[in-house]
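Peer 1: Please find the sequence and the predicted model below.
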There are 4 protein chains.
Amino acid sequence: MNEHSFIIFIYIYMTSMSDKKIRILKATEKLLAMYGFHGLSMQMVAKEAGVAAGTIYRYFEDKDDLLHQLYDHILTHVASQVTQNLSDDMPLKERFRTMWLNIWNMANQEDAPLINRGQFENLPRRNGQEQHQLEKKLFAKVNQLFDEGKTSGQFKQLDNEILSVLSLEPGACLARKHINGVFKVDDASREAAIEASWDAITQH
Amino acid sequence: MNEHSFIIFIYIYMTSMSDKKIRILKATEKLLAMYGFHGLSMQMVAKEAGVAAGTIYRYFEDKDDLLHQLYDHILTHVASQVTQNLSDDMPLKERFRTMWLNIWNMANQEDAPLINRGQFENLPRRNGQEQHQLEKKLFAKVNQLFDEGKTSGQFKQLDNEILSVLSLEPGACLARKHINGVFKVDDASREAAIEASWDAITQH
Amino acid sequence: MNEHSFIIFIYIYMTSMSDKKIRILKATEKLLAMYGFHGLSMQMVAKEAGVAAGTIYRYFEDKDDLLHQLYDHILTHVASQVTQNLSDDMPLKERFRTMWLNIWNMANQEDAPLINRGQFENLPRRNGQEQHQLEKKLFAKVNQLFDEGKTSGQFKQLDNEILSVLSLEPGACLARKHINGVFKVDDASREAAIEASWDAITQH
Amino acid sequence: MNEHSFIIFIYIYMTSMSDKKIRILKATEKLLAMYGFHGLSMQMVAKEAGVAAGTIYRYFEDKDDLLHQLYDHILTHVASQVTQNLSDDMPLKERFRTMWLNIWNMANQEDAPLINRGQFENLPRRNGQEQHQLEKKLFAKVNQLFDEGKTSGQFKQLDNEILSVLSLEPGACLARKHINGVFKVDDASREAAIEASWDAITQH
DNA sequence: AATGAATGAGGTTTCATTCAT
DNA sequence: GATGAATGAAACCTCATTCAT
């Protein structure tokens, strides 16, 4: 039954920074946003990334590792987005407003917004000290903002984490619900929400 | 073979509400909290609930239906917890504080806290009008609070949804992180956080 | 959790020829015709027959027994249909024609034709001597016809089984395909087919 | 990390026709013949074919697809068997006899006879136009035979389908019953049956 | 390095059968 | 006799992972 057996064998070689890893991460992110956690199989990721299934295992230990690394990847991206266009000499409130809007805008982008659709929060994440350090480093500018605010007496004397939850978390939450269509937030409301977030953390 | 002698035998046995269904829901909730979305197999649910796998399908159409119903089940529970100990004649701020603490306390309970561990938000939920109505009804008292606040001029003129995200969402978020051990919130900080949440939605 | 427990208990008694068995057989036949072999579950049979699942097991040992008994039930019905309107004093050819048409007509009936849809042949059947005797008895008139034909010299000297396959089997097959819509057989063709079947078994 | 050095590595290995697919089809056919429709589970097929369960799904969409493809596979085989050893210059009757015997012999073979055990007819089959075309093409020679017979005036003026049911169907039916042991057909009877089948479709 | 066919454990779901009521 | 909730084995199918090429 094997009368005809073809073997085609083309062999070229390719090195350089393996953009494959990036493609795999991007593919994972996209599928996660599109189909959620359950619509994510390694086979699909491979297909979407344009690589073979086995190839994924050259860059990631296993599925968990892929997800962990995706988390870090996205977190890094998010951190850089959140802290962009900030300079230390801007007034405190303007810096706050910029950050708040960075968060808001991130949700409306074309290329990377997929994260925000709520799946991100539930990526399995490592809980080590190491992970904590990474996050601390990524969001250094956020902490700096809160520290300055407290030093200058404008902000309430609360842990940065708490200040963050009181002021930035609502921003992320509103953006998410706005994008997901739970309800619409018009421009005026958004401005008022920024103001309200500011009110939450400032002294009165 | 047609001699006549009739015996009809109708037998109805009825327990108030099949406690098996409740047991299945509780088991699902527990496993969801313990192992997350991926550690949830119907076999495990069955085992945890102390029923046979097939039995689940007497009460739930399929896995999705189980999750949907769990969502509603929990939501109902949450709503009743959040709005407990509220009476219309309490001052606005006291009512707000009660609600905020209800949310906070819910996380620290023994029996139902599992919900809060973050999995709840990501249960697959129906998006129908019907679902929306249910939620509206369950949280009527919350809306009433915000409406009164706006009418009396104490609150900012924003949609209830936005007010909720600005003031109660941080409460839930803090509680979640407190429970999950991301960081600890001491009593003083918690009181300050309540105050801050109030600041966020009140006029200044 | 059992605060409310109702027990309604009505007890009448019913004997007589249990028409339940008939209802179960009819239901099985119907479902078999409608959904084929794979769409046949005991639960469905119970529902269709208007009895409880457990009740089936009062009349039939198990599913196999149900199917076996259905086979015999249908076979008996078929035999009586096939041999109806026959009298010994009819000319041989008229008797043959009547039988052939009985087969044909059986397929077009309202109430019992469901059998013919091809599922019947594949009912699991017992292969015992006993079964063989039953079939022999049921189709005695058919055998009688062939015997007379051979005695009178009109028919070919072949075993009755073979004569049957040569002349009646095509009738059944045509009817089945006609009903199933594989192709249509008009009246003229049907008459010609009867004639052809006759030609097959008669001496030339 | 973008130094350039490429290696592309394409590797195609190709065996004439995945013999696994053939093995799976053969296994399915065998099990179907041995245990019937109900004794056919994908696990069993996998085991019989010597592949893993999941492997089946590389070649067949699902169980239905496997059965559909098996039907076509067998039909193709049957068609080639039925129409073998036929040449257009053989006399009509000799061609008919050859075909009839081809059908008969098919049942007595070692390697492919399993089909005949009656399960084949009840494989789920597609009912599309496409399917009809396939069958038409496969059995072109049969149609050709009937067409010639009608043109030459030897055969009755009936649709080919009807002629087929009158003459070849009994052949298949006899072979089946012979094989299944319902009754034995000796050589002389078989020859007489061929003659009778011929009588059924020829003019008198 | 890269491939993707193959694996087989484990997922969800169905269903013949039992048994307390 | 009759019920139908409960059972759990077994069905179909998916998918993370491996490995010969």
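Peer 2: That came in fine, so what should we check first? Numbers count the residues shown, from 1 in each chain, chains lettered A, B, ... in the order given.

Peer 1: and the residue in chain A positioned nearest to chain C, how far is that from A:Arg23?
Peer 2: Using Cβ to the nearest Cβ, the closest approach of chain A to chain C is made by A:His38 at 28.2 Å. Any C-beta I mention is one placed from the backbone N, CA and C, and that applies to glycine too. As defined by Cβ to Cβ, to the nearest Å, A:His38 lies at a distance of 22 Å from A:Arg23.

Peer 1: okay, those two: which has more neighbours?
Peer 2: Taking neighbours as other Cβ atoms under 10 Å in any protein chain shown, A:His38 and A:Arg23 compare with A:Arg23 leading, 17 against 9.

Peer 1: Verify the contact between that one and A:Ala49 for me.
Peer 2: Yes: under the criterion of Cβ atoms under 8 Å, A:Arg23 lies in contact with A:Ala49, with a separation of 4.5 Å.

Peer 1: In chain A, which residue sits closest to chain B?
Peer 2: Taking Cβ to the nearest Cβ, chain A has A:Ala200 as its residue nearest chain B, at 3.7 Å.

Peer 1: So that residue: helix, strand or coil?
Peer 2: Judged by DSSP: H, G, I helix; E, B strand; the rest coil, the three-state class of A:Ala200 is helix.

Peer 1: And for A:Asn143?
Peer 2: Here A:Asn143 is helix, with the state taken from three-state DSSP.

Peer 1: who touches it in this structure?
Peer 2: Residues touching A:Asn143, when contacts are defined by Cβ atoms under 8 Å, 6 or more residues apart in numbering or on different chains, comprise A:136, A:160.

Peer 1: And for A:Val82?
Peer 2: A:99, A:102-103, A:106, A:139, A:142.

Peer 1: Can you check the pLDDT for it?
Peer 2: pLDDT, A:Val82: 91.

Peer 1: Now do the same for the residue of chain A closest to chain C: its pLDDT.
Peer 2: The model reports A:His38 with a pLDDT of 83.

Peer 1: how far away is it from B:Ile74?
Peer 2: Using Cβ to Cβ, one obtains 20 Å as the distance from A:His38 to B:Ile74.

Peer 1: do A:Leu32 as well
Peer 2: According to Cβ to Cβ, A:Leu32 stands 24 Å off from B:Ile74.

Peer 1: out of these two, which sits in the more crowded spot?
Peer 2: In this comparison of A:Leu32 against B:Ile74, neighbours counted by other Cβ under 10 Å, the higher total goes to A:Leu32 at 23 against 20.

Peer 1: Need phi/psi at that one.
Peer 2: With angles defined as degrees, to the nearest 10, A:Leu32 sits at phi -60, psi -40.

Peer 1: That one contacts A:Ser41, correct?
Peer 2: No: here A:Leu32 does not reach A:Ser41: they are 11.5 Å apart, not a contact under Cβ under 8 Å.

Peer 1: Is the residue nearest to A:Phe139 when sequence neighbours are not counted within a helix or a strand, and which one?
Peer 2: In space, not counting the residues next to it along the chain, A:Phe139 is nearest to A:Ala79; the distance is 5.7 Å by Cβ to Cβ, 6 or more residues apart in numbering or on different chains. With elements delineated by DSSP states H and E, A:Ala79 resides in helix A:63-82, which encompasses its position.

Peer 1: Quickly check: stretch A:184-191 near chain B or not.
Peer 2: Yes: contact between stretch A:184-191 and chain B, assessed by Cβ under 8 Å from any Cβ of the partner chain, occurs at A:185, A:189.

Peer 1: Alpha carbons only: can I get that stretch in PDB?
Peer 2: Extracted in PDB, the C-alpha atoms of stretch A:184-191 (Å, rounded to 0.1, in the frame of the first residue of the first chain):
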ATOM      1  CA  LYS A 184     -21.700  54.000  27.700                       C
ATOM      2  CA  VAL A 185     -19.600  56.700  29.300                       C
ATOM      3  CA  ASP A 186     -19.800  60.000  27.400                       C
ATOM      4  CA  ASP A 187     -16.900  62.600  27.400                       C
ATOM      5  CA  ALA A 188     -18.500  64.800  30.100                       C
ATOM      6  CA  SER A 189     -19.100  61.800  32.400                       C
ATOM      7  CA  ARG A 190     -15.500  60.700  31.800                       C
ATOM      8  CA  GLU A 191     -14.200  64.000  32.800                       C
END
